[in-house]
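**Q** The following comprises the amino acid sequence and a computationally predicted model.
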Amino acid sequence: MNLEVKIKRIHTDALLPLQANPGDAGMDLYSVETVMIPSGEARLIQTGIQIELPKGAEAQIRPRSGLALKHSVTVLNSPGTIDEGYRGEIGVILINFGKEKFIVEKNMRIAQMVVQTVPSIQLIEVDELSQSVRGTSGFGASGTK
């Protein structure tokens, strides 16, 4: 299945999202600025791009595993959601859980964007729900092993 996503550079130095390997789900997003994130703080990092998603699609902004493992830097509201109607600049909220300041450099890969289809949902209010094996068991219901 192919989805056509329109993209617009709004900054002359913006890099377009890129799938590192054929078949990868995520496309790397790049910073268009240099920003210092102090330990324990978050910053909104701009990408210099806007997108137009097709009807029935969304884009999720997800962390990069290398930044998380090597620097304890991740996407704060993971996954961030870009709805089909949004036309503003894509910004990524990064948080530094590390002990040292972290420098986001211009053109650094800062997150991944995954585009997927979203089903149309119709909620139906009822008085009762069907029974299931799990029932109302919540957090930790599957055990600790």
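**A** Perfect, thanks for sending it. Numbers count the residues shown, from 1 in each chain.
**Q** shaky segments in the protein?
**A** Within the chain, the stretches with pLDDT under 70 are 140-145.
**Q** all helices of it, in order?
**A** For the chain, the helices defined by DSSP state H cover 65-71.
**Q** Looking at it, which residue reaches furthest from the middle?
**A** Going by Cα atoms, centre = their mean, the residue of the chain most distant from its centre is residue 127, 36.3 Å out.
**Q** Return the distance of it relative to residue 136.
**A** For residue 127, the distance to residue 136 (Cβ to Cβ, to the nearest Å) stands at 16 Å. Using the backbone N, CA and C atoms, a C-beta is placed for each residue, glycine as well.
**Q** Same question for residue 44.
**A** Distance of residue 44 to residue 136, computed by Cβ to Cβ: 39 Å.
**Q** and those two? which has more neighbours close in?
**A** When residue 44 and residue 136 are compared for neighbours, residue 44 comes out ahead with 11 against 7, by other Cβ atoms under 10 Å.
**Q** and the closest residue to the more buried one other than its chain neighbours, what does it touch?
**A** Nearest non-adjacent residue to residue 44, counting by Cβ to Cβ, 6 or more residues apart in numbering: residue 91, 4.8 Å away. Neighbour list for residue 91: 44, 45, 46, 47 [criterion: Cβ atoms under 8 Å, 6 or more residues apart in numbering].
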